[in-house]
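Student: just a sequence and a predicted model for now, questions to come.
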Amino acid sequence: MSLVALDLSDGYVAGLALAIATLLGLAIGSFLNVVAWRVPRDESVLHPPSACPACHAPIRRRDNVPVVSWLLLRGRCRDCGEPISRRYPLVEIATAAVFVAVTLHFGISWALPAYLYVGAISVVLTLIDIDVHRLPDTIVLPSYGVVGALLVVASWGAGDWSAMWRALLCGAILFVFYFAVLVVYPSGMGFGDVKLSGVLGMALGWLGWGPFVVGAFGAFLLGGVFSAVLIATRRAGRKSGIPFGPWMIGGAALGVLVGAPLWDAYLGLML
């Protein structure tokens, strides 16, 4: 699967790869802040340039360096002095952490671009779903083509076309399952969750049946536990609308990172 193995004992290779992943994650995270704000409002993510929400002064290039600019400006706009939300640097740091985790897990491999992309859309879809309880088609639907194409490249590079067929099958299985849940229990999730399920199903299925099962089940486990805690602490009722997209993404992350060993351990207990 690997083009070059990311051997942590090789300090130079590991350090260089992780440094690139960190810088790329910070830069992508800065862009995701714009996407998370503008896409739900049906605004262009490219024009106009970023500006202060309070005074609408354009953000200068030197003030647009991820994390560093926020720290140098002490979290305030250079022009009007209004506070700049901590969310901006936190999203940049979180995206960098996701990119580092994905790079550590996959190494320098044919599969790495596909899962970096999945990591990036996971961050922005989590933000949007928490903010507006919606998973925009403008992000989810094109992801079928992007993830599919990147997994085709990964299958070609790894010489394993069975992984690609399994990815397509798992994407279809999870889509049909979520659609059935929506029909039976329409107040439990939205159609955006159904559409996202196919993308996550492909990403999990390419890795194997173990990651797929763990990732699919993990979404309901994490979401169920969180909902139960909210209800028990009276911070939500049984009919409260709780976005499920973040838990789908959290479950998928479990499937990708630890799904294979968890599945093997489970099979070991059953046999």
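Tutor: Alright, I've got the coordinates. Numbers count the residues shown, from 1 in each chain.
Student: which residues touch the spatially most central residue of the chain?
Tutor: Nearest to the geometric centre of the chain sits Ser122, at 1.6 Å (CA atoms, centre = their mean). Listed by CB atoms under 8 Å, 6 or more residues apart in numbering, the contact partners of Ser122 are 98, 249, 252-253. Heads up, the C-betas are built off the backbone N, CA and C, glycines and all.
Student: mind picking the two most distant members of those?
Tutor: Across these, no pair lies farther apart than Val98 and Ala252, at 12.0 Å, counting by CB to CB.
Student: returning to that earlier point: between the contacts of Ser122, which sits nearest Gly210?
Tutor: Ala252 (13.3 Å).
Student: roughly how far does the closest one sit from Cys80?
Tutor: Going from Ala252 to Cys80 by CB to CB, to the nearest Å gives 40 Å.
Student: try Asp131
Tutor: Computed with CB to CB, the distance linking Asp131 and Cys80 is 24 Å.
Student: circling back: so between Ala252 and Cys80, which is more surrounded?
Tutor: More crowded of Ala252 and Cys80, by other CB atoms under 10 Å: Ala252, with 29 against 11.
Student: separation between that one and Leu125?
Tutor: From Ala252 to Leu125 the distance is 11 Å (CB to CB).
Student: before we move on, what about Tyr115?
Tutor: The spacing between Tyr115 and Leu125, counted by CB to CB, is 15 Å.
Student: Ala253 now?
Tutor: For Ala253, the distance to Leu125 equals 13 Å [CB to CB].
Student: neighbour count: these two, which is higher?
Tutor: Between Ala253 and Leu125, Leu125 has the larger neighbour count (other CB under 10 Å), namely 28 against 22.
Student: surely the more buried one meets Leu135?
Tutor: Yes - using CB atoms under 8 Å, Leu125 is in contact with Leu135, at 5.6 Å.
Student: quickly list what's touching both of the two.
Tutor: With CB under 8 Å, 6+ apart, Leu125 and Leu135 have common neighbours 196, 245.
Student: distance to Val91 for the contacts of Ser122 - can I get that in TSV?
Tutor: Output for these, formatted as TSV (distance: CB to CB, whole Å):
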residue	distance to Val91
Val98	10
Ile249	14
Ala252	19
Ala253	16
